[in-house]
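A.B. asks: got a structure for you, letters missing:
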């Protein structure tokens with residue numbers, strides 16, 4: 001397993017080849033006359049995670065998993081994200097899911113599907129909300 005986003009396990013059928021993580025820290029600028037303005041630390045800023053990859057639906061599948069991610073996006077419930085080595089990234093909401101189909105077959109499904117999933121770090125959901133969203137994704 002390369003990464004897990006909620007119920008979605010990124011592996012051979014739902015293959016990702018890159019992930020980019022951006023963290024920020026916020027500061028308030030205090031204007032002063034005749035000098036560089038001092039910066040006041042106001043805390044941790046936003047954190048985003050972008051996951052990209054390529055699916056081969058006719059050979060390996062993966063489109064159903066893409067629909068699970070879209071369900072998580074619609075539900076708006078934060079998903080636990082972990083990396084394959086066991087590192088826990090925390091909870092993220094799915095901001096966007098982009099898929100581009102090329103080499104369409106006779107049914108209009110791409111033989112190659114490039115995907116990009118954008119996630120934003122969030123506070124952990126309430127336990128009741130988290131389990132309700134899990135059941136809604138698999139039902």
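C.D. replies: Nice, I can see it. Keep in mind it's a predicted model, so treat the numbers as computed, not measured. Numbers count the residues shown, from 1 in each chain.
A.B. asks: mind listing what's buried in stretch 93-112?
C.D. replies: Buried residues in stretch 93-112, counting neighbours by 16 or more other CB atoms under 10 Å, are found at 93-94, 97, 99, 101, 110. For the C-beta atoms, the positions are set from N, CA and C on the backbone; glycine is no exception.
A.B. asks: from these, which is closest to residue 57?
C.D. replies: Checking the buried residues of stretch 93-112 against residue 57 with CB to CB, the nearest one is residue 110 at 7.1 Å.
A.B. asks: show me what the closest one is bridged to.
C.D. replies: Here residue 110 sits in beta bridges with residue 104, going by DSSP bridges.
A.B. asks: surely it and residue 56 touch.
C.D. replies: No. Assessed by CB atoms under 8 Å, residue 110 is found out of contact with residue 56, at 9.2 Å.
A.B. asks: okay, residue 23: pLDDT?
C.D. replies: For residue 23, the pLDDT comes out at 94.
A.B. asks: for this structure, just list every one of the strands.
C.D. replies: Remark: strands assigned in the chain by DSSP state E are 3-5, 8-10, 16-29, 39-55, 79-83, 88-104, 110-121.
A.B. asks: how close does residue 36 sit to residue 29?
C.D. replies: Per CB to CB, to the nearest Å, residue 36 is found 10 Å from residue 29.
A.B. asks: ignore the last one, residue 93
C.D. replies: For residue 93, the distance to residue 29 equals 29 Å [CB to CB].
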